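1. okay, here's the prediction I keep looking at, along with the sequence it came from:
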Amino acid sequence: MKRLTVTGLTLAVALTGCGGSDDKKNNNSSSSLSSSSISSAAAISSASSAPEASSSSSLAVSSTASSIPASSSSSESSSSAAPVAKKNVLFFLGDGMGITTLTAMRIYQVGEAGSITIDTLPESAFVRTYSADGQVTDSAPSMAAYMTGVKMKNEVISMSTATNAYRPDGTQYIDAAGNSTCEAGNGEAVPTLLEQMKAQGFATGVVSTTRITHATPATTYSHVCNRNGENTIAAQMVPNGAGFNAALGNGIDVVLGGGLRHFLPSTETGGRRTDGRHLVNEMKTAGYTYVTNVGELTAATSATPKLLGLFTSSDMNYELDRNPQVEPSLSEMTSKAIDILSTRDKGFFLMVEGGRIDHALHASNAKRALTDGIAFDNAIKLALEKMEAVDPGLKNTLVVVTADHDHTLVINGYAERTDKTTDTHAGILGLVKSYANGPSKGQPTTDINGNPYTILAFGNGPNRPTTRIALDETTTSGKDYLQEAVIQLDSETHGGGDVFLGAKGLGAENFHGVIDNTEVFGLIKKSINLQ
Ligand SMILES: [Zn+2]
């Protein structure tokens, strides 16, 4: 007992020291790369590969937990002598999936006492999400913090902390066409987890229901001072093309999502590129198999060397509106990505984003947010099942599930329990009804003017009636209903609350307590012993 306690203490000290030095290193590690010279980005991976040497010793610590080694060096040498196992990282990001949204997803799908897949992850932490300049972050610096370990300013994609998204005159560093106009000297690219794993021989994949050039997926593979330069972001993905991010080696192995418009010249229907380039054709030339619908995706074999799927011009449809004969679900995209990536020799990194939870919340449309949230949860469930088949016990697979930021969704009191939502039962999409025994039990609770109110509402958003009126549940559970807000804005904003992080598998125990979003990067690397 006593011995175990001592081991535990040693572990705590080691982890603190490691995290601290990682942070310092990452904040200073802007490497040798400027935004205007992305093509020399290979320098990134070599510059970054040295510093995390401390992570190998922390992996050794986890083996001491089960058996006390003669010395730490013997445990290190024995692990390095063992055959190298494939290691896999699956990073799931629910965009805007704050903790209230997570709770609402659970109640919507399985009732108050049920559990969705995210609830079953054995390890968890709270994550602070503030950015370098914002108390409330946008998706760019928050996801970039996970992917690079570096704190950056709002709207910046995987660049050093000092990088500005806006000029001194307040305008964005983009032109009207969506091209980046970042000037030289405005920050430097910082290496991403995907780039580092690619450089070390892992396969890589990026899957999202948004445009694949949107902030969250962009942080994994591109570097730009303003997230809205989506034409520039797209070009960074294309091997051999002008502006290619050379840190991607021969290119990302699997890319699935929306956003075709940033790959097509403006002379083609819907195309947004003003440089005349046809990036889909360039990707084909670079060896990609290109698919555009669920049938073609299904037909792609696991031996496909490189796969590009762009299923919509802009974002993919919400789950509630998706035509399953045409557009793949997030689960179907995730499944295909795992089929392909898990055949590779060294293992893989896969990022999967449930990207439109956020968009529905911005509209204050809870029903679409919750149904997209459940589609995200289903993709996690399927991924866990598939990975269990490939790697029983997830001994060499780390699955991390988190969100980039909160929203202003609230669950009003004091509703009696609703249980799950069905076609004939509004559930959490309904009105607050009294739980108290007596004549009012099950009857709508009313505001100070005698009108019922919904369980779900927002801190701000488009629907703030001048005069509240009586509502009924047929209305409030309709798919286009917008929940009411306290402050009227055109579009609901993100919120500043901490987010949940859940983990399972290899190194999942590294994730606990209240952590900064920048720490996640180092903890993932430590978990898989990535140098
Ligand atoms: Zn976001």
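-> Cool, got the structure.
2. secondary structure class for Val127?
-> strand (DSSP: H, G, I helix; E, B strand; the rest coil).
3. just the pLDDT for it.
-> Looking at Val127, its pLDDT reads 98.
4. can you name the residues that contact it?
-> Val127 sits next to Thr402, Asp498, Val499, Phe500, Leu501, Val514, Ile515, Asp516, Asn517, Val520 when contact means C-beta atoms under 8 Å, 6 or more residues apart in numbering. (Glycine included, C-beta is placed from N, CA and C.)
5. most remote residue from the chain's center?
-> Pro439 (46.9 Å; C-alpha atoms, centre = their mean).
6. of the contacts of Val127, just the buried ones, PyMOL syntax please.
-> Buried subset of the contacts of Val127, written as a PyMOL selection, criterion 16 or more other C-beta atoms under 10 Å:
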select buried, resi 402+498+499+500+501+515+517+520
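7. what helix or strand is Asp419 on?
-> Under the criterion DSSP states H and E, no helix or strand holds Asp419.
8. now the one helix or strand Ser331 maps to: mean pLDDT?
-> According to DSSP H and E, Ser331 maps onto helix 330-341. Per-region confidence: helix 330-341 scores 98 on mean pLDDT.
9. just want the residue of the stretch 251-400 of the chain that's nearest the ion.
-> Asp358 (4.6 Å; C-beta to the ion).
10. please give the element, helix or strand, for that residue.
-> Assigned by DSSP H and E, Asp358 falls in helix 356-362.
11. ok, then the element right after the helix holding Ser331?
-> Using DSSP H and E, the helix or strand that directly follows helix 330-341 along the chain is strand 347-354.
12. is the ion within reach of that following strand?
-> No - if you take C-beta under 5 Å from the ion as the test, strand 347-354 misses the ion, and the best it gets is 9.0 Å.
13. for that strand, name the packing helices and strands.
-> strand 87-94, helix 193-199, strand 203-211, helix 215-221, helix 330-341, helix 366-390 (3 or more C-beta pairs under 8 Å, 6 or more residues apart in numbering; DSSP states H and E).
14. tabulate the contacts of Val127 (TSV), appending pLDDT.
-> Shown next, in TSV, are the contacts of Val127 (pLDDT from 0 to 100):
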residue	pLDDT
Thr402	98
Asp498	98
Val499	98
Phe500	98
Leu501	98
Val514	98
Ile515	98
Asp516	98
Asn517	98
Val520	98
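15. so what are the domain limits for this structure?
-> Split into domains by automatic domain parsing, the chain comes to 87-408+502-528, 409-492.
16. out of those domains, which one sits most buried?
-> domain 87-408+502-528 (a mean of 22; mean count of other C-beta atoms under 10 Å).
17. find the nearest non-adjacent residue to the residue in the stretch 1-150 of the chain positioned nearest to the ion, please.
-> The minimum distance from the stretch 1-150 of the chain to the ion, using C-beta to the ion, falls at Ser139 (2.9 Å). Nearest residue to Ser139 in three dimensions, chain neighbours excluded: Ala215, at 4.0 Å (C-beta to C-beta, 6 or more residues apart in numbering).
18. how about Asp480?
-> Asn365 (7.0 Å).
19. quick one: secondary structure of the closest residue to Thr408 other than its chain neighbours?
-> Using C-beta to C-beta, 6+ apart and skipping the chain neighbours, the partner closest in space to Thr408 is Gly459 (3.2 Å). With three-state DSSP as the basis, Gly459 sits in strand.
20. report the contact partners of Gly459.
-> Taking C-beta under 8 Å, 6+ apart, one finds Thr408, Val410, Ala485, Val486, Ile487, Glu492, Thr493, Gly495 in contact with Gly459.
21. most widely separated two among these?
-> The largest separation in the contacts of Gly459, counting by C-beta to C-beta, is between Val410 and Thr493 at 13.5 Å.
22. show me how far the helix holding Asp358 is from its chain's centre.
-> Computed by C-alpha atoms, centre = their mean, to the nearest Å, the separation of helix 356-362 from the middle of its chain amounts to 13 Å.
23. just checking, what packs against that helix?
-> Helix 356-362 packs on strand 203-211, helix 366-390, strand 406-407, going by 3+ C-beta pairs under 8 Å, 6+ apart.
24. pLDDT (mean, whole number) over that helix?
-> Rounded mean pLDDT across helix 356-362 is 98.
25. same deal with stretch 136-156?
-> 98.
26. now do the same end-to-end measure for that stretch.
-> 14 Å (C-alpha to C-alpha, to the nearest Å).
27. with stretch 267-282 instead?
-> Using C-alpha to C-alpha, the two ends of stretch 267-282 sit 16 Å apart.
28. got the residues of the stretch 351-500 of the chain near the ion?
-> Residues of the stretch 351-500 of the chain lying near the ion (C-beta under 5 Å from the ion): Asp358, Asp404.
29. coming back round to it: turn the helices and strands packed on helix 356-362 into CSV, including distance to Thr101.
-> Converted to CSV, the helices and strands packed on helix 356-362 look like this (distance: least, C-beta to C-beta, whole Å):
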stretch, distance to Thr101
strand 203-211, 16
helix 366-390, 6
strand 406-407, 6
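30. can I get these in CSV with mean pLDDT?
-> Formatted as CSV, the helices and strands packed on helix 356-362 follow (pLDDT from 0 to 100):
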stretch, mean pLDDT
strand 203-211, 98
helix 366-390, 98
strand 406-407, 98
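31. how much space is there between the closest residue in space to Pro444 that isn't next to it in sequence and the ion?
-> Spatial nearest neighbour of Pro444, excluding adjacent residues (C-beta to C-beta, 6+ apart): Pro452 at 3.7 Å. To the ion, Pro452 is 32 Å away according to C-beta to the ion, to the nearest Å.
32. give the bridge partners for Arg211, please.
-> Gly258 (DSSP bridges).
33. before we move on, back to that, show me what contacts the residue nearest to Asp480?
-> The contact partners of Asn365, by C-beta under 8 Å, 6+ apart, come to Lys479, Asp480, Tyr481, Leu482, Gln483.
34. hang on, the residue of the stretch 251-400 of the chain closest to the ion packs against Asp95?
-> Yes - Asp358 lies in contact with Asp95 (C-beta atoms under 8 Å); the separation is 3.8 Å.
35. between the two, what contacts are shared?
-> With C-beta under 8 Å, 6+ apart, Asp358 and Asp95 have common neighbours Ser139.
36. could you export stretch 105-115 as CSV, CA atoms only?
-> Below are the C-alpha coordinates for stretch 105-115, written out as CSV (Å, rounded to 0.1, in the frame of the first residue of the first chain):
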residue,chain,number,x,y,z
MET,A,105,-28.3,14.9,-26.4
ARG,A,106,-28.5,12.2,-23.7
ILE,A,107,-32.0,13.1,-22.6
TYR,A,108,-33.2,13.5,-26.2
GLN,A,109,-31.9,10.1,-27.2
VAL,A,110,-32.1,7.8,-24.2
GLY,A,111,-33.8,9.8,-21.3
GLU,A,112,-32.3,11.2,-18.2
ALA,A,113,-31.0,7.9,-16.8
GLY,A,114,-29.7,6.4,-20.0
SER,A,115,-26.2,6.6,-21.5
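37. need the contact partners of it.
-> Counting by C-beta under 8 Å, 6+ apart, stretch 105-115 makes contact with 97, 116, 118-119, 370, 373-374, 377, 417-421, 427-429, all of which sit outside it.
38. got the residues of this protein near the ion?
-> Counting by C-beta under 5 Å from the ion, the chain comes close to the ion at Asp95, Gly96, Ser139, Asp358, Asp404.
39. skip the chain neighbours and tell me the closest residue to the most centrally placed residue in the chain.
-> Geometric centre of the chain, nearest residue: Leu93, 2.4 Å, by C-alpha atoms, centre = their mean. Spatial nearest neighbour of Leu93, excluding adjacent residues (C-beta to C-beta, 6+ apart): Glu353 at 4.8 Å.
40. how far away is Ile411 from Ala303?
-> Per C-beta to C-beta, to the nearest Å, Ile411 is found 47 Å from Ala303.
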